[in-house]
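Asks: need a structure here:
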Amino acid sequence: MRSSETGAKNARAADLHSAGVHVVIVGCGRVGSSLARVLTGDGHSVAIIDRRAEAFDRLGERFSGRTVQGIGFDRDRLVEAGIEQAGALAAVTSGDNSNILVARVARENFGVGQVVARIYDPRRAVIYQRLGIMTVATVAWTTDQVMRRLLPAARPAEWTDPTAKVCVIDRTLDDAWAGHPLSELEEASGARVVAVNRMGATTIPTARTMAQSGDVLYLAAETARLAQIDAALAGPARKGH
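Replies: Residues are numbered from 1 along each chain as shown. Next comes the predicted model:
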């Protein structure tokens, strides 16, 4: 790419950053319409594509963005929606194949930097994330959220990487750890404390942070070692044991 083209692209990115991002949304269902309203409310420009004209009724009379009727992966419709100036795209139709196709066109043909695709099949979501396409697996996310509310004691992972080897978990600190440095807890458990919620305020700990009763810890951990980690979190080993 020539320097003049690079400079123009950087200038366009700077303008988008200062004046809000132009976002293209494909799919004007409940998710797409809600996302469009939130984004415009935050000062971003939005164009939303849907094959059904009546779908745009969900946006309401106050929606200030652009509506484009047509198929989301149609290049002409994407250009009409401003894909060439877009800083982000969300593909949130009801079809996995359509969403992935739209996401790939946006990234590979138009060079959109931030692309997210809604995927219903969590197994496929993992595959596409490995290919560099960020996905939201609807069923898996919803199941996790419901589980958190139905069975708080089950404590599913806050986040799991696409390979399922590493996760982030939250644990309420056992009182036996109070007064010990968190670095000692890390050494005993093999997990890394990435954040601490103390009396409602969340902070990133330092090497000198001491554990206090009631702390909620967010830990990066190996998924296969969760049982051993929970055992270590039950309390520090006594000297001589």
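
Asks: residue closest to the middle of this structure?
Replies: residue 136 (7.3 Å; CA atoms, centre = their mean).

Asks: packing partners of the helix or strand hosting that residue?
Replies: Residue 136 is part of strand 134-137, with elements assigned from DSSP states H and E. The helices and strands touching strand 134-137, judged by 3 or more CB pairs under 8 Å, 6 or more residues apart in numbering; DSSP states H and E, are strand 114-119, helix 122-130. To be clear about C-beta, it is placed using only N, CA and C from the backbone, and glycine gets the same treatment.

Asks: list the buried residues for the last one?
Replies: Of the residues in helix 122-130, those scored as buried under the neighbour-count criterion (16 or more other CB atoms under 10 Å) are 124, 125, 126, 128, 129.

Asks: show me where this structure has helices.
Replies: For the chain, the helices defined by DSSP state H cover 3-19, 30-41, 75-80, 96-104, 122-130, 138-150, 182-189, 226-233.

Asks: and the ones you listed, which one's lowest on average pLDDT?
Replies: Here the lowest mean pLDDT among these goes to helix 3-19, at a mean of 44.

Asks: CA atoms of the strand holding residue 136 as CSV?
Replies: The C-alpha coordinates for strand 134-137 follow below in CSV (Å, rounded to 0.1, in the frame of the first residue of the first chain):
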residue,chain,number,x,y,z
MET,A,134,-15.1,-13.3,17.0
THR,A,135,-18.4,-15.0,17.8
VAL,A,136,-21.1,-15.0,20.4
ALA,A,137,-22.5,-18.4,20.9
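
Asks: quick one, domains of the protein?
Replies: Annotated domains of the chain cover 3-144, 157-233 [automatic domain parsing].

Asks: the residue nearest to the centre of the chain and residue 175, how far apart?
Replies: Separation of residue 136 from residue 175 (CB to CB, to the nearest Å) stands at 38 Å.

Asks: also residue 102?
Replies: Using CB to CB, residue 102 is found at 51 Å from residue 175.

Asks: more neighbours: those two, which one.
Replies: Neighbour count, other CB atoms under 10 Å: between residue 102 and residue 175, residue 102 has more, with 28 against 13.

Asks: hang on, isn't the more buried one packed against residue 75?
Replies: No. Taking CB atoms under 8 Å as the definition, residue 102 is not a contact partner of residue 75, at 10.7 Å.
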